[in-house]
Each structure stands twice: as C-alpha cells, then as structure tokens.
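> curious how this folds, go ahead:
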Amino acid sequence: MRLLTAVLILFAILPMTKADDACLVAYYSFDDGTAKDLSGNGHDGEIHGCSVVEGIIGKALKFDGINDYVEINPSFLLKP
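Sure thing, here's the model as predicted:
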C-alpha cells in the first residue's frame, strides 16, 4: 500500500511525457479530482478518503497517513 501511495504521489508531482505515450502504463493527473487513468489503458482508480489539494503542478492528493488510499483494479501491466 505504501508503494502505491508513493507511486501516486510521484505521478502527481513529476512532469510526465504526454498521456498518450505508447510506453505509458498509467497516468493520473488528479486535476479533475479523480483517479482516472489518462493513458487510455483503463487503470482508473477510486479515491478513498483523500482530499484534492493544489500540487506543485496542477492538483495532487493529500493522504492522512491512516486510512486514505486509492484503489486500482489488478492488472498484469501494473505488476513489477
């Protein structure tokens, strides 16, 4: 769970290539207040308890460190 949180935070604050990059597995901008996968690969997430805040670039998710998380359905593309 902590790894997923760290990955989501990185997606929110680091500049990315275009959302339609062929090598991109998932892309979450959080700018619309959702965890919609903008890569087009359908790895949409469901936000549980997080609040949407201003990020370094656009929006970000703020986790309380207790029980906030983003749930993403399992996929073979998301496995290491």
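
> out of the helices and strands in this protein, which is least certain?
Every helix and strand in the chain was compared by mean pLDDT, DSSP states H and E; the lowest is helix 2-13, with a mean of 50.

> past the one helix or strand Ile47 maps to, which element shows up next along the chain?
Assigned by DSSP states H and E, Ile47 belongs to strand 45-48. Sequence order places strand 51-54 as the next helix or strand after strand 45-48, per DSSP H and E.

> direction included, what does that next one pair against?
Within its sheet, strand 51-54 is paired with strand 59-62 (antiparallel), according to DSSP bridges.

> what about the helix or strand following the partner strand, distance to the chain center?
Per DSSP H and E, strand 59-62 leads on to strand 69-72 as the next helix or strand towards the C-terminus. Put simply, strand 69-72 sits 8 Å off its chain's centre (C-alpha atoms, centre = their mean, to the nearest Å).

> do stretch 51-66 as well
Centre to centre, stretch against its chain (C-alpha atoms, centre = their mean), the figure for stretch 51-66 is 11 Å.

> what are the phi and psi values for the closest residue to Gly49 other than its chain neighbours?
Nearest residue to Gly49 in three dimensions, chain neighbours excluded: Asp68, at 3.9 Å (C-beta to C-beta, 6 or more residues apart in numbering). For the C-beta atoms, the positions are set from N, CA and C on the backbone; glycine is no exception. Dihedral pair for Asp68: phi -90, psi 140, per degrees, to the nearest 10.

> wouldn't Asp68 be in contact with Ala35 here?
No - between Asp68 and Ala35 there is no contact under C-beta atoms under 8 Å: 12.0 Å.

> where in this protein is pLDDT low?
Applying pLDDT under 70 to the chain flags residues 1-21.

> can you do 90?
Along the chain, the parts satisfying pLDDT under 90 run over 1-26, 39-41, 57, 73-80.

> what's the burial count for Val53?
Neighbour count for Val53, taken as other C-beta atoms under 10 Å: 11.

> Leu38 now?
21.

> from His48, how far out is Leu77?
22 Å (C-beta to C-beta, to the nearest Å).

> how much space between the residue nearest to Gly49 and Lys62?
Distance, Asp68 to Lys62, by C-beta to C-beta: 8 Å.
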